[in-house]
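K.L.:
A structural model of the following input is requested.
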Amino acid sequence: MIEIRNAQDRGHANHGWLNSYHTFSFAEYFDPAHMGWRALRVINDDTVAPKGGFATHGHRDMEIISYVLDGELAHQDSMGSSATIRPGDVQVMSAGAGIRHSEFNASAEHPVHFLQIWITPDRTGTAPRYQEKFFADHEKRGQLRLVVSPDGANGSLQILQDARLYAGLLDGSETVVQAVPEGRHGYVHVARGTLQINGTALGAGDGARISSEQQLTFSNGQNAEFLYFDLP
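P.N.:
Residues are numbered from 1 along each chain as shown. Reported below is the predicted structural model:
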């Protein structure tokens, strides 16, 4: 089964400094039919205005992933981590027993566009951790590049859940075929561009819940950048 979540059906909040689209219920947006999918709890498509950002605040017991599409995102946290992440960078913050952090647009002139992703961990009360890594376009071109996993396989960042996040770039005649192991589920999020999944067209901001499928074929991409979640 492939169940489409159209971009225009997502929750939306515009705070001036932040324009955010919520795939799943978040903050003031609540829809009991869209509380997450399996261990995937949040996909927020965030654009932050120049000099804007999220002031210092706390989280606990959540795996928080940031995937930058355009611009620069400045991070600081209570563990002493400080970084500016850019397109191609993936950031993982395991909140564990508790962490405080801030995320700001590092530019005074240009917006920053990124995906904020939350995955529910398989254990609680752990020591918080911070990781980041750059994944070049050529690693994602015409294929799925593993960027987050439970075991750090293939140089991916590590989370506390039996879930994997892949990133891909697809254009023209490029095709990606992904097996879905028995008992596993998936979620696809198209960050930009268009593509087809098993013949079904998806555009920027669209998503798809995957269950009871043996194989996914990604094709007919037009400047597509997309994420695929392999979920328990």
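
K.L.:
in whichever strand in the chain runs longest, which residues are buried?
P.N.:
Across the chain, the longest stretch assigned as strand under DSSP state E is strand 215-231. Buried residues in strand 215-231, counted by 16 or more other Cβ atoms under 10 Å: 216, 218-221, 224-231. Every C-beta, even on glycine, is put in place using the N, C-alpha and C of the backbone.

K.L.:
tell me which residues are up against the least confident helix or strand in the chain by mean pLDDT.
P.N.:
The helix or strand of the chain with the poorest confidence is strand 53-59; it has a mean of 85 (mean pLDDT, DSSP states H and E). With Cβ atoms under 8 Å, 6 or more residues apart in numbering as the test, strand 53-59 has contacts from 17, 74, 76, 93, 95, 98-105.

K.L.:
from these, pick the one nearest Phe24.
P.N.:
Ranked by distance to Phe24 (Cβ to Cβ), the contacts of strand 53-59 are led by Ala95 at 17.7 Å.

K.L.:
neighbours around the closest one, how many?
P.N.:
The tally of other residues near Ala95 (other Cβ atoms under 10 Å) stands at 22.

K.L.:
going forward, the N-terminal residue is numbered 29.
P.N.:
That works, and once the first residue is 29, the last one we named lands at Ala123.

K.L.:
report the separation between it and Thr84.
P.N.:
Going from Ala123 to Thr84 by Cβ to Cβ, to the nearest Å gives 14 Å.

K.L.:
tell me how far the residue nearest to Gln186 when sequence neighbours are not counted lies from Arg38.
P.N.:
Leaving aside its sequence neighbours, Gln186 sits nearest to Gly180 (Cβ to Cβ, 6 or more residues apart in numbering; 4.3 Å). From Gly180 across to Arg38, the span is 31 Å (Cβ to Cβ).
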